[in-house]
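[1] Quick one: sequence plus predicted model below, questions after.
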Amino acid sequence: MSWKHELKVADLDAMMQIEATCRRCGLVRYESRETLEALAQAYLDEVERRLRCRDRACRGAVRIALIHKGRMEGFVGGMA
């Protein structure tokens with residue numbers, strides 16, 4: 001299980017953004033919680049499957065990452 005299977009769009013802070021990068025052409029766009037309001041009860045892995053590239057010629061699948069306060073969030077962990 002990853003963080004995409006555990007978080008819903010409704011769980012995100014109002015200031016958090018989702019960075020959607022096209023896997024085919026590399027186009028990057030930013031989605032906020034408000035723009036994804038129709039998918040509020042969807043988990044982030046479901047959102048990643050539903051989102052497509054905005055370029056009409058591409059329409060490829062996207063990879064998502066969380067952006068908070070202008071910085072990309074990655075998994076930070078280790079063995080204690």
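    Happy to help now that I have it.
[2] list the contacts for the residue minimising distance to the centre of the chain?
    Taking Cα atoms, centre = their mean, the centroid of the chain lies closest to Ile64, which sits 3.5 Å from it. Contacts for Ile64 were tallied using Cβ atoms under 8 Å, 6 or more residues apart in numbering; they are Lys4, Ile18, Glu19, Ala20, Thr21, Leu44, Val47, Glu48, Leu51. In short, each C-beta sits where N, CA and C put it, glycine included.
[3] So which of the residues you listed belong to strands?
    The strands, defined by DSSP state E, take in Ile18, Glu19, Ala20, Thr21 from the contacts of Ile64.
[4] Nearest to Leu36 among those?
    Ile18 (7.2 Å; Cβ to Cβ).
[5] Ramachandran angles for the closest residue in space to the closest one that isn't next to it in sequence?
    Nearest non-adjacent residue to Ile18, counting by Cβ to Cβ, 6 or more residues apart in numbering: Glu31, 4.6 Å away. Torsion angles at Glu31 (phi, psi; degrees, to the nearest 10) stand at phi -110, psi 140.
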